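[1] Prediction below, plus the sequence it came from.
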Amino acid sequence: MKQIIIEGKNKLSGTINIGGAKNSAVALIPAAIMADGVVKLSNVPRISDADALTAILKFLNVDVNFEEDKYTIDARNLQNNVIPEDLSTRLRASYYFMGALLARFKHVEIYFPGGCNIGARPIDLHLKGFEALGATVTKDENNSKYIIDAQELTGSDIHLDFASVGATINIMFAATLAKGVTKIYNAAQEVEIINIAELLNNMGANIKGAGTNVITIEGVEHLHSASVSVICDRIEAGTYLIMGALLGDNLKIMGIEPEYLQSLLDKFQKMNIKYDIIPGGIMISQTPSFLSTDVKTDVYPEFPTDLGQPMSVLLTQASGISHFEETIWESRMGHIKYLNMMGANIEVNGMKALIKGTTPLTGKEIVATDLRAGAALVTAGLIASGTTIINDAEHILRGYERIINKLSNVGAKIKIIDC
Ligand code: EPZ
C-alpha cells in the first residue's frame, strides 16, 4: 500500500506544467486498435491507468511502446482474446475495448470494468447503443463477462437517456466502422470527446458534431495510421488551481486552456478569488479571505463532477455557508468524513453537503477512497497544520501524473512511501 505524507502550510510558488488529459488518453489508447496501421499519441500522461491499458494491449498481442509522453500502437497483429478480469477491473476505461473490438471484429468478450468506487456505474447505455447498431449482448453464466456479437453493424439513430461520456465514446467507436450513418442524440459534450473524434477522423473516420449534443458518424470501410496529441487535463489543472487559491504565491499552472475551466473560474470570481490569465496558463496566489458559494456538479460545460471533491476543500476555507450538490455519481462523498476528522464542518445529506467555513484543518491519518477523494485529501493536507498521512494513495496515482514531484517542485513538503 502507498502512503502520502504531507507537512502542511507551505506556500506553493513556481510552475506546474499540466499533462495530457487522463479521460482523453484512456479512450485514445483503445481507439488505436481499430487502425490497420501504426497510431502515434503524444502528450500521454504517465499515470497508472495508462499502464493498465498497456497491459491489456500486450495481452491482445498489440505492439505497444510508451516512452516519455509518446505512445506508439501497432495493432495489425492483434489477437481478439477474452480480456480477463484481473486486467479489465483495473480501471473503468477498459470498457472502451468493447466498442473498438466490436467495430473491428464484430465480436468481443470482456469482464466487467473496474474504476473508482463512486456509485453503481452501470454501462446499460453503452450496451443499448451497441444493440441499436445490430449487436447482441449476452453475459456468461457467472454474470461477470460480456459477450458482444454482430453479423454486421448498421448505422442507427441513438438517443442517450443521459449524456454519458463513456457511452458517447463507445458508440462512436462501434459506429465508425458500421455500414451507414449513426446519429447520437443527447451526446456528452465534454472536450475530451472532440479530442477522440479528432484521432478517429485522422484515422479516416467521418465524424461530425463532436463537442455538441448531436454527433453524426458516417461509417467507413477501414481506419489507417494516424497521430494525435492528447489535450490538456482540465481536471488536473483545476485541482492545482484550487491548491493555488489556498496556498499559491504567484503559482503558475501552465499548459492549460482556460476556456476548459470556465465553470471553475466563474466560481473563483463569485468567491472573490483572484487569478491572472497569462500566456499559456494561469497564475494564482492565495486569497487570504474569500466568500462562500454554492456548487452543483453537472455535465459539461457545467461544474465538473471530477472537481467537486477538491472544490469541497476550498469551500471549507470560505467565509460562510456553501451548499454543495453532486448530481452525477451517487456516492462521491467518501472524503467528507476525513475532512471533518481534520476539523472541517460539513453535513452530508445524500448527494448534498452543507459546508460551513472558515474551519482551520489539522493533519490526521486518513484514507483515500477514490481518485478525486484522494486529490481532495492532498489539498486538505497541504493547508492543514502538522502532518497528514493519506493511506491507499494508489488511487491518486491513477489520474495525477507525477503529483509528488509537481508539488515538491513548488514548495510542498510531500512524499510517498510504500508501507
Ligand atoms: C467519465 O466516466 C469519466 N471517466 C469520469 O471521471 C467522470 O466523472 C464522468 O465521465 C462524468 O464526467 C473516464 O472518462 C474514464 P458517464 P463515465 O458515463 O464515462 C450514468 C475521474 O475521476 N450512466 O458520463 O463512466 C452513471 O451511473 C472519473 O476521472 C448510466 O446510468 O461517466 C453516472 O451516474 C470518475 N448508464 C452518469 O451516467 C451508462 O451506461 C455519468 O456517467 C453509463 C453511465
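    That came through, no problem. Numbering: from 1, shown residues only.

[2] For the residue of the chain found nearest the ligand, list the residues it contacts.
    Across the chain, no residue is closer to the ligand than Gly166, which sits at 2.8 Å (C-beta to the nearest ligand atom). No exception for glycine: its C-beta is placed from N, CA and C like everyone else's. By C-beta atoms under 8 Å, 6 or more residues apart in numbering, the residues touching Gly166 are Arg92, Ala93, Tyr95, Tyr96, Ile123, His126.

[3] when you check the ligand, which of those residues turn up near it?
    Among the contacts of Gly166, the ones lying near the ligand by C-beta under 6 Å from any ligand atom are Arg92, Ala93, Ile123, His126.

[4] Determine the three-state secondary structure at the closest residue to the first one other than its chain neighbours.
    Nearest in space to Arg92, with sequence neighbours left out and distances taken as C-beta to C-beta, 6 or more residues apart in numbering, is Gly115 at 2.7 Å. Using DSSP: H, G, I helix; E, B strand; the rest coil, the secondary structure recorded for Gly115 is coil.

[5] Show me the domain layout of this structure.
    2-19+232-418, 22-229 (automatic domain parsing).

[6] what's the span of the shortest one from first residue to last?
    Think domain 2-19+232-418. 5 Å (C-alpha to C-alpha, to the nearest Å).

[7] I'd like the average pLDDT over that domain.
    Averaged over domain 2-19+232-418, pLDDT sits at 97.

[8] now that domain, how far from the chain's geometric center?
    Mean-position distance between domain 2-19+232-418 and its chain equals 15 Å (C-alpha atoms, centre = their mean, to the nearest Å).

[9] anything in it near the ligand?
    Yes: counting by C-beta under 6 Å from any ligand atom, the ligand has neighbours in domain 2-19+232-418: Thr305, Asp306, Ile328, Trp329, Leu371, Arg372, Gly399.

[10] Which strands or helices does whichever strand or helix holds the second one pack on?
    Same thing as Asp306. Asp306 belongs to helix 305-316 when assigned by DSSP states H and E. Of the remaining helices and strands, those touching helix 305-316 by 3 or more C-beta pairs under 8 Å, 6 or more residues apart in numbering; DSSP states H and E are helix 234-247, helix 262-270, strand 295-296, strand 320-325, helix 336-341, strand 345-349, strand 352-357, helix 371-383.

[11] Go through these and name the closest to Ile56.
    The closest of those to Ile56 is helix 371-383. By C-beta to C-beta, the value is 19.0 Å.

[12] Could you check the angle that closest one makes with helix 234-247?
    Inter-element angle recorded for helix 371-383 and helix 234-247: 20 degrees (by axes from the mean of the first three to the mean of the last three C-alpha atoms, to 10 degrees).

[13] I'd like the next helix or strand past helix 371-383.
    Following helix 371-383 in sequence, per DSSP H and E, is strand 387-391.

[14] Need the CA coordinates for that following strand. PDB is fine.
    Only the C-alpha atoms of strand 387-391 are listed here, as PDB (Å, rounded to 0.1, in the frame of the first residue of the first chain):
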ATOM      1  CA  THR A 387       1.400  16.100   9.400                       C
ATOM      2  CA  THR A 388      -1.200  14.400   7.200                       C
ATOM      3  CA  ILE A 389      -0.900  10.800   6.300                       C
ATOM      4  CA  ILE A 390      -3.000   9.500   3.400                       C
ATOM      5  CA  ASN A 391      -3.300   5.800   3.100                       C
END
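
[15] list the buried ones in that strand?
    By 16 or more other C-beta atoms under 10 Å, the buried positions in strand 387-391 come out as Thr388, Ile389, Ile390, Asn391.

[16] same thing with stretch 34-41?
    Those would be Met34, Ala35, Gly37, Val38, Val39, Lys40, Leu41, for stretch 34-41 by 16+ other C-beta under 10 Å.

[17] Surely the first one and Ala103 touch.
    Yes: with contact defined as C-beta atoms under 8 Å, Met34 and Ala103 form a contacting pair (5.5 Å).

[18] what do those two both touch?
    Phe173, Thr176, Leu177.

[19] picking up where we left off before, isn't the residue nearest to Arg92 up against Ile123?
    No: here Gly115 lies out of contact with Ile123, judged by C-beta under 8 Å, at a distance of 10.5 Å.

[20] rewinding a little: top of the residues of domain 2-19+232-418 next to the ligand by number of neighbours, please.
    Arg372 (29 neighbours; other C-beta atoms under 10 Å).

[21] Skip the chain neighbours and tell me the closest residue to that residue.
    Among residues not flanking Arg372 along the chain, Gln309 sits closest, at 4.4 Å (C-beta to C-beta, 6+ apart).

[22] Report the contact partners of the one you found.
    Counting by C-beta under 8 Å, 6+ apart, Gln309 makes contact with Arg332, His335, Arg372, Ala373, Ala375, Ala376.

[23] residues near the second one, how many?
    Applying the criterion other C-beta under 10 Å, we find 28 residues in the vicinity of His335.

[24] Same check on the fifth one?
    Residue neighbour count, defined by other C-beta under 10 Å, stands at 29 for Ala375.

[25] How about the contacts made by it?
    By C-beta under 8 Å, 6+ apart, the residues touching Ala375 are Thr239, Gln309, Pro310, Ile396, Gly399, Tyr400.

[26] for the protein, what spans make up the helices?
    22-31, 48-59, 85-88, 96-105, 124-132, 165-176, 191-202, 234-247, 262-270, 305-316, 336-341, 371-383, 394-397, 403-408 (DSSP state H).
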